[in-house]
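> Predicted coordinates and the sequence they were generated for:
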Amino acid sequence: MHRTFYGLTYEPFAKDIEVEHHFESRDFKEVINRLEFLKDTRGIGLLTGEPSMGKSFIVRYFLSTLNPNLYKSVYIPISTLTVPDFYRALCDGLGIAPAHKKIDMFKQIQEALYTYQTSKNITPVIVVDEAQFIKNSILDDLRMILNFDVDSKDCAILLLVGQTPFLTQLSRQHHEALRQRIMVNYYIKGLTKDETVEYVESRLKSAGFHEKLFTQSALELLFTVTNGSMRPINTLAKMCLISGANQKARSIDESIVYAAQSETSITS
């Protein structure tokens with residue numbers, strides 16, 4: 001109903017928004033610049049931030065830009081796996097039939113990564129999402145898997161993506177060797193107030209609404225309520241559209257934002 005009322009060609013604040021409709025915030029530009037550097041150097045990258053800051057979307061965008069003739073992407077979204085299950089997921093992503101024993105799978109994975117890079121001129125890109133749940137034993141093995149020619153060559157890209165607690169896990173002395181191998185590291189801070197305003201207006205414009213729908217005070221309230229977190233912004237903005245359409249409001253003000261917030265909040 002709200003799409004029809006406001007003449008929108010698609011849902012502007014949907015979770016599955018197409019990567020070509022991305023918003024280039026400060027965080028987005030900084031992360032992509034670092035990942036472009038990692039494409040050239042290979043090695044380990046770290047992307048962290050609080051929940052709902054848009055980490056997964058940026059990763060999805062980055063992977064979509066990779067030339068499949070030059071890069072082999074392996075995305076592992078479940079980091080609560082056991083070590084053998086993690087190995088099997090890696091084997092599956094690399095297109096190899098996993099052996100039964102862990103040591104054999106270790107060799108298979110190393111050989112596959114090395115062959116992709118040195119014989120096929122294809123760089124494997126391994127993304128481990130929700131890394132805050134990953135076991136220390138898997139982190140240890142990942143470091144050893146990426147050790148080629150007595151640690152003198154980088155044959156793949158490993159991107160660890162996680163929430164803030166993952167930084168605490170990595171800060172332990174046990175992971176000193178892994179930390180020293182991290183080539184790029186970025187902590188996503190979220191949208192600023194100005195970026196939030198620009199983001200909401202750009203999403204509406206891309207969906208076909210070219211007038212000013214949210215008042216300035218409504219946009220500022222939207223930022224205050226969400227603290228610049230991408231997913232809450234999308235959820236609240238969409239609810240504002242629904243509430244606004246129900247009220248047949250041609251302008252969304254603070255009262256509609258407050259009402260939408262009460263609907264999206266979970267309280268006891």
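Yes, it's here. Numbers count the residues shown, from 1 in each chain.
> Asp16 should be in a helix, yeah?
No - under DSSP: H, G, I helix; E, B strand; the rest coil, Asp16 sits outside any helix and is assigned coil.
> mind checking pLDDT for it?
Asp16 carries a pLDDT value of 74.
> Show the backbone phi and psi for it.
phi -100, psi 40 (degrees, to the nearest 10).
> Low-confidence ranges, the protein, go.
Regions of the chain meeting the criterion pLDDT under 70 cover residues 79, 149-152, 266-268.
> where do the strands sit along it?
Assigned by DSSP state E, the chain shows strands spanning 43-49, 71-76, 123-128, 157-162, 182-188.
> Without its sequence neighbours, what residue ends up closest to Leu241?
The shortest distance from Leu241 to any non-neighbouring residue, by C-beta to C-beta, 6 or more residues apart in numbering, is to His2 (4.3 Å). Yep, even glycine has a C-beta here, placed from its N, CA and C like the rest.
> What of Glu195?
Ser25 (5.0 Å).
> do the same with Leu221
The shortest distance from Leu221 to any non-neighbouring residue, by C-beta to C-beta, 6+ apart, is to Val257 (4.8 Å).
> any idea how far the one you found lies from Leu236?
Using C-beta to C-beta, to the nearest Å, Val257 is found at 7 Å from Leu236.
> and what of His2?
Distance, His2 to Leu236, by C-beta to C-beta: 14 Å.
> re earlier: I'd like the strands of the chain laid out as a markdown table, including distance to His210 and mean neighbour count.
Formatted as a markdown table, those follow (distance: least, C-beta to C-beta, whole Å; neighbours: other C-beta atoms under 10 Å):
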| stretch | distance to His210 | mean neighbour count |
| --- | --- | --- |
| strand 43-49 | 32 | 22 |
| strand 71-76 | 36 | 18 |
| strand 123-128 | 36 | 23 |
| strand 157-162 | 35 | 24 |
| strand 182-188 | 30 | 17 |
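> okay, those in JSON lines with distance to Lys212 next?
Formatted as JSON lines, those follow (distance: least, C-beta to C-beta, whole Å):
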{"stretch": "strand 43-49", "distance to Lys212": "30"}
{"stretch": "strand 71-76", "distance to Lys212": "38"}
{"stretch": "strand 123-128", "distance to Lys212": "38"}
{"stretch": "strand 157-162", "distance to Lys212": "35"}
{"stretch": "strand 182-188", "distance to Lys212": "28"}
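> buried set for stretch 241-250?
By neighbour count on 16 or more other C-beta atoms under 10 Å, the buried set for stretch 241-250 is 241-245, 249.
> Give me the subset of the residues you listed that lies in helices.
Assigned to helices by DSSP state H, the following of these qualify: 241-245.
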